[in-house]
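got a predicted model here, sequence first, then my questions.
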Number of protein chains: 2
Amino acid sequence: MQQARPSRSNRERTEATRGALVAAARALFVEKGYAGTSTPEIAAAAGITRGALYHHFADKRDLFRAVVEQEARAVAREIEAATPPGLPARDALAAGSAAYLDAMTARGRTRLLLVEGPAVLGGAEMDGLDEANAARTLRAGLEAAMPGTALPVPALSVLLSAAFDRAALAIDAGADPEEYRRAMIAILERLLDGAPPPQAAGRSPRIVTRSP
Amino acid sequence: MQQARPSRSNRERTEATRGALVAAARALFVEKGYAGTSTPEIAAAAGITRGALYHHFADKRDLFRAVVEQEARAVAREIEAATPPGLPARDALAAGSAAYLDAMTARGRTRLLLVEGPAVLGGAEMDGLDEANAARTLRAGLEAAMPGTALPVPALSVLLSAAFDRAALAIDAGADPEEYRRAMIAILERLLDGAPPPQAAGRSPRIVTRSP
DNA sequence: GAATTGACATACAGTCTGAATGTATCTTCG
DNA sequence: CGAAGATACATTCAGACTGTATGTCAATTC
């Protein structure tokens, strides 16, 4: 136990206050969403006043961003821990995929990163955040696993990432994790394996879009 | 032109007022988001008072739901128009895919249906709305195109749907539509074509997740 | 045509956000 | 070491917004 007023340094005070704010805000944002959470509520839960909140963060949105950033970093750390450098491309993709879905089972993470985040911070800001963390890993893995493909790997990476996100959401909502893992693996695996198929006669026509 | 007060029936009044409200709200929600749009603003844009708004809708969220429902119905209509019954499964999937991406290029549609919708109404409500419209079509197409597969088709359908959504968002954000169409087609096509690959020796190991 | 319902408009109470201002504690530097 | 300034807060305030309550007038019903 500490004394009632241990005469902390400014550095310590800031760290403690910011930490308490981010933790309290995280819990409330998860429970009631961004709009449903008020700053008086957050301050009370953190044991401080709104003044302190607005001293450390420009506004409510800025505090939310801090929560989301912390969450994104945690996910990136778990993925990196599961994919040590030097792993073969396929193995890295497999391990990274599993690690991502595991990481997203942390309470409230899907809501923060996949639902409220894009709506509050906007797609662009979330993309930047994601790019610096999880998305980069996936694209690098795909590029390594699909050398010389004619397909647009960056676009593929974005689309697969969205599918991963949706799998995480479904699992979080109570769906059978194994089912979604299998489905996700099937999509990824068949994409990697699928050489441009031969033009065999009598086969169903390829899928073609009409031009825009 | 109509007279200044054409003595409309109640039915007509309601229809006109609700229509004006939904239209004005749609434009503002698209431009400034749900939270950034106030009900005084919406009422002013619709040329009525807030009293009328709260007479026709339970609250701001209820009005938003009406906007989103209208939007989802429009997308479903476009897809249905592009996939007449009797079309072979693959062709129906191809046409439906193209129609979906085309439909989602309507101004603001991605923001309403894919960003604000899930955050404001919640995933469950949006899923219900989607299920009654676009999602149903995709799953039916997949089931018809993958008869007898061991894969969980409903889960696959959900994941592919998420990838489609992300493609629509990317295109809306200015990405090259052709690139994302090609990527999306590649994922779908290879999934449909990919028979369970043979256990050929010397091949890279299949992707396997660790159990949860 | 009297009564009732429906479609609004207006007024109001409570809450929230962000800014402005005040105060105490820590840090720096002569 | 002590003054001066910076930092970390707390308190107060103004403006805005949401949803509700109440009032009014036209349309429908009987």
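Now that the structure is in, tell me what you want to look at. Numbers count the residues shown, from 1 in each chain, chains lettered A, B, ... in the order given.

just the element for the residue in chain A that DNA strand D sits nearest to, please.
The minimum distance from chain A to DNA strand D, using CB to the nearest atom of the strand, falls at A:G51 (2.1 Å). C-beta coordinates here come from the backbone N, C-alpha and C atoms, glycine included. A:G51 belongs to helix A:50-56 when assigned by DSSP states H and E.

what about A:G174, which SS state?
Per DSSP: H, G, I helix; E, B strand; the rest coil, the local secondary structure of A:G174 is coil.

by contact count, what packs against the helix holding A:G51?
Applying 3 or more CB pairs under 8 Å, 6 or more residues apart in numbering or on different chains; DSSP states H and E, we find helix A:50-56 packed against helix A:10-32, helix A:39-46.

and the pLDDT for the closest residue in space to A:A45 that isn't next to it in sequence?
Computed as CB to CB, 6 or more residues apart in numbering or on different chains, the closest residue to A:A45 that is not its neighbour in sequence is A:A24, at 3.8 Å. The model reports A:A24 with a pLDDT of 97.

could you give the number of residues near A:A24?
By other CB atoms under 10 Å in any protein chain shown, 22 other residues sit near A:A24.

now do the contacts for it.
Counting by CB atoms under 8 Å, 6 or more residues apart in numbering or on different chains, A:A24 touches A:42, A:45-46.

equivalent analysis for A:A25, please.
Here A:A25 is in contact with A:37, A:42, A:46, A:63-64, A:66-67 (criterion: CB under 8 Å, 6+ apart).

sorry, back to before: got the helices and strands packed on helix A:50-56 as a markdown table, with distance to DNA strand D columns?
Below are those laid out as a markdown table (distance: least, CB to the nearest atom of the strand, whole Å):
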| stretch | distance to DNA strand D |
| --- | --- |
| helix A:10-32 | 3 |
| helix A:39-46 | 7 |
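
quick revisit: what is the nearest of the contacts of A:A24 to DNA strand C?
DNA strand C lies nearest to A:I42 out of the contacts of A:A24, by CB to the nearest atom of the strand, at 8.0 Å.

how much space between the closest one and A:A106?
A:I42 sits 20 Å away from A:A106, taking CB to CB, to the nearest Å as the criterion.

who's more crowded, the two?
The neighbour comparison of A:I42 against A:A106 (other CB under 10 Å) goes to A:I42, with 24 against 15.

where along chain A do the helices fall?
Ranges of helices in chain A, per DSSP state H, are A:10-32, A:39-46, A:50-56, A:60-82, A:89-103, A:109-110, A:117-121, A:123-130, A:136-145, A:153-172, A:177-193.

give me the distance from the lowest-mean-pLDDT helix or strand in chain A to the chain's centre.
One helix or strand of chain A scores below all others by mean pLDDT, DSSP states H and E: helix A:123-130, with a mean of 91. Computed by CA atoms, centre = their mean, to the nearest Å, the separation of helix A:123-130 from the middle of its chain amounts to 10 Å.

likewise stretch A:75-91?
Relative to the centre of its chain, stretch A:75-91 is centred 15 Å away, using CA atoms, centre = their mean.

which positions in that stretch come out as buried?
Using 16 or more other CB atoms under 10 Å in any protein chain shown as the test for burial, stretch A:75-91 gives A:75-76, A:78-79, A:82-83, A:87, A:89-91.

can I get the CA coordinates of that stretch in PDB?
Extracted C-alpha coordinates of stretch A:75-91, given in PDB (Å, rounded to 0.1, in the frame of the first residue of the first chain):
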ATOM      1  CA  VAL A  75      -3.300  -7.100 -31.100                       C
ATOM      2  CA  ALA A  76      -0.200  -6.300 -33.100                       C
ATOM      3  CA  ARG A  77       2.000  -7.600 -30.300                       C
ATOM      4  CA  GLU A  78       0.100 -10.900 -30.100                       C
ATOM      5  CA  ILE A  79       0.400 -11.400 -33.800                       C
ATOM      6  CA  GLU A  80       4.100 -10.600 -33.800                       C
ATOM      7  CA  ALA A  81       4.700 -12.900 -30.900                       C
ATOM      8  CA  ALA A  82       3.100 -15.700 -32.800                       C
ATOM      9  CA  THR A  83       5.100 -15.200 -36.000                       C
ATOM     10  CA  PRO A  84       8.800 -15.200 -35.300                       C
ATOM     11  CA  PRO A  85      10.800 -13.900 -38.200                       C
ATOM     12  CA  GLY A  86      12.300 -16.700 -40.400                       C
ATOM     13  CA  LEU A  87       9.100 -18.700 -40.400                       C
ATOM     14  CA  PRO A  88       8.100 -19.900 -43.900                       C
ATOM     15  CA  ALA A  89       5.600 -17.700 -45.600                       C
ATOM     16  CA  ARG A  90       2.700 -20.200 -45.300                       C
ATOM     17  CA  ASP A  91       3.400 -21.000 -41.800                       C
END
